[in-house]
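J.: the sequence and its predicted three-dimensional model are supplied below.
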Amino acid sequence: MSTFLVEIVTPERKVYAETATMVSVKGIAGELGILPNHIPLVTPLRIAPVSIKRDGKVDVLAVGGGFIEVRKDKVVILAESAELANEIDVNRAQAAKQRAEERLAVKRDEVDFKRAELALQRATNRINVTER
């Protein structure tokens, strides 16, 4: 089976660089499954897990938005944040989720509401990745 390189990069570091057979992401327009020799593509990503199939196993990362660029032999994800499941502090994610839910319950101005909503999505994504 043919493979391609997958790199996930954040502003701080290169989080992931492995050869894979498939990548699944959630783009703005819906879910995408990337296989070798996929048509070139660039699209924004949602706050969601990214699944990477390689060598008979699946790596799952919590990605906090960004972009995916698909080339013939390489997939690059430029993410605002990205963490492997084993790097996630579940207690910290649970606390962040609780804080975000409390802020959403208060409903102040529109900016605070949007920030709390995004914080809740990021925390929920991190928790879901650790449970896989």
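T.: It's in. Residues are numbered from 1 along each chain as shown.

J.: all strands in this protein, in order from the N-terminus.
T.: 4-9, 14-20, 22-27, 30-34, 41-54, 57-70, 74-79, 82-84 (DSSP state E).

J.: please name whichever of these is nearest to A100.
T.: A100 lies closest, by CB to CB, to one member of the strands of the chain: strand 41-54, at 12.2 Å. In this view, the C-beta of every residue, glycine as well, is placed from N, C-alpha and C.

J.: direction included, what does the closest one pair against?
T.: When pairing is defined by DSSP bridges, strand 41-54 lines up against strand 22-27 (antiparallel), strand 57-70 (antiparallel).

J.: return the distance of the first one from the chain's centre.
T.: The reference is to strand 22-27. Chain-centre distance of strand 22-27: 9 Å, with CA atoms, centre = their mean, to the nearest Å.

J.: if we go by neighbour counts, what in that strand is buried?
T.: The neighbour-count check on strand 22-27 (16 or more other CB atoms under 10 Å) flags M22, V23, S24, V25, K26 as buried.

J.: just name the closest of these to D59, please.
T.: Checking the buried residues of strand 22-27 against D59 with CB to CB, the nearest one is V23 at 9.8 Å.

J.: is V9 bridged to anything, and to what?
T.: Beta-bridge partners of V9, counted by DSSP bridges, are K14, L78.

J.: against A85, how distant is it?
T.: Computed as CB to CB, to the nearest Å, the V9 to A85 distance reads 18 Å.

J.: if we can go back for a sec, and of the strands paired with strand 41-54, who's closest to P40?
T.: Comparing the strands paired with strand 41-54 by CB to CB, strand 57-70 comes nearest, at 5.9 Å.

J.: about what we covered before: show me the two of the buried residues of strand 22-27 that sit farthest apart.
T.: For the buried residues of strand 22-27, the farthest-apart pair by CB to CB is M22 and K26; their separation is 14.5 Å.

J.: so which elements touch the helix of greatest length in the chain?
T.: Counting by DSSP state H, the longest helix found in the chain is helix 110-131. Applying 3 or more CB pairs under 8 Å, 6 or more residues apart in numbering; DSSP states H and E, we find helix 110-131 packed against strand 41-54, strand 57-70, helix 90-106.
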